[in-house]
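Undergrad: heads up, no residue letters with this:
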């Protein structure tokens, strides 16, 4: 009888240990790729992203100085078209001037009160602005681009939320470092809750406060951008962004 009891216990222990091994081996490894895959699913699914032909929205930007005073407030109408070639258009009024920027065939055209602006520096400035706007609004889908180096940076805590951190590094044509981004994904919802970006000598932390619910992609609806140090310690609020009137085709 004792031998039978010992045999039963031994078999039970073997089955239990074997189950643990199987469960451990089946657990998916946490990597930048798996986190982004889960995030895209939480933001509407990869098919919905791939099938988006056009996005339009209104963007309100409020800039503050280091003392908390408002520097500017601008409302822009954005339209992005995703086909064989990316096309975009931004329209807004600034200092009583009606401005329009059009990107087509990778060439930017700038108009002030319907008058074409031919200054190369001005064209380059608005070309970068229109590309940057598309990058921000198309997060986290833009992490699928081939020109980004991704790495998993472990866990962190943002506003009492456990997040997974993915580092995205970009390089210039000559191979020198360009911008570096850190993406923070909520471990419970898998959605993007914020970014930190290192550009030149400055660091900014951008917090996602609300998502929109019109496109099915749960894009940004409200964000705040803070000037920080490299450890994400806040210096001051630099910008407050609102995105609304979304249209997706």
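TA: Arrived safely, thanks for sending. Worth saying up front: this structure is predicted, and the values here are computed from it rather than measured. Numbering: from 1, shown residues only.
Undergrad: now do the helices in this protein.
TA: In the chain, the helices defined using DSSP state H lie at 2-26, 32-42, 46-50, 120-137.
Undergrad: mean pLDDT lowest where, among those?
TA: The stretch with the lowest average pLDDT out of the helices of the chain is helix 2-26, scoring a mean of 40.
Undergrad: distance of the residue nearest to residue 98 when sequence neighbours are not counted from residue 96?
TA: With C-beta to C-beta, 6 or more residues apart in numbering as the criterion, residue 98 has its nearest non-adjacent residue at 5.3 Å, and that residue is residue 113. Yep, even glycine has a C-beta here, placed from its N, CA and C like the rest. Taking C-beta to C-beta, to the nearest Å as the measure, residue 113 and residue 96 are separated by 9 Å.
Undergrad: those two: which is more packed in?
TA: Each of residue 113 and residue 96 had its neighbours counted (other C-beta atoms under 10 Å), and the higher figure belongs to residue 113 (10 against 6).
Undergrad: quick one: contacts for residue 166?
TA: Residue 166 sits next to 32, 35, 36, 143, 150, 151, 152, 153, 182, 183, 185 when contact means C-beta atoms under 8 Å, 6 or more residues apart in numbering.
Undergrad: would you check how far apart the second one and residue 60 are?
TA: To tie it back to what came earlier, the one meant is residue 35. As defined by C-beta to C-beta, residue 35 lies at a distance of 30 Å from residue 60.
Undergrad: neighbour count: those two, which is higher?
TA: Regarding residue 35 and residue 60, a neighbour count based on other C-beta under 10 Å identifies residue 35 as having more, with 22 against 14.
Undergrad: so that one sits right up against residue 164, yeah?
TA: Yes. Shown here, residue 35 and residue 164 form a contact pair, counting by C-beta atoms under 8 Å, at 5.0 Å.
Undergrad: what do the two both touch?
TA: Common neighbours of residue 35 and residue 164 are listed as 152, 185 (criterion: C-beta under 8 Å, 6+ apart).
Undergrad: didn't residue 38 look like it was pressed against residue 190?
TA: Yes. With the criterion set as C-beta under 8 Å, residue 38 and residue 190 qualify as a contacting pair; they are 4.3 Å apart.
Undergrad: just to revisit the earlier point, scan the contacts of residue 166 and report the most crowded one.
TA: When neighbours are taken as other C-beta under 10 Å, the top entry among the contacts of residue 166 is residue 183 (26 neighbours).
Undergrad: with that, I have no additional questions.
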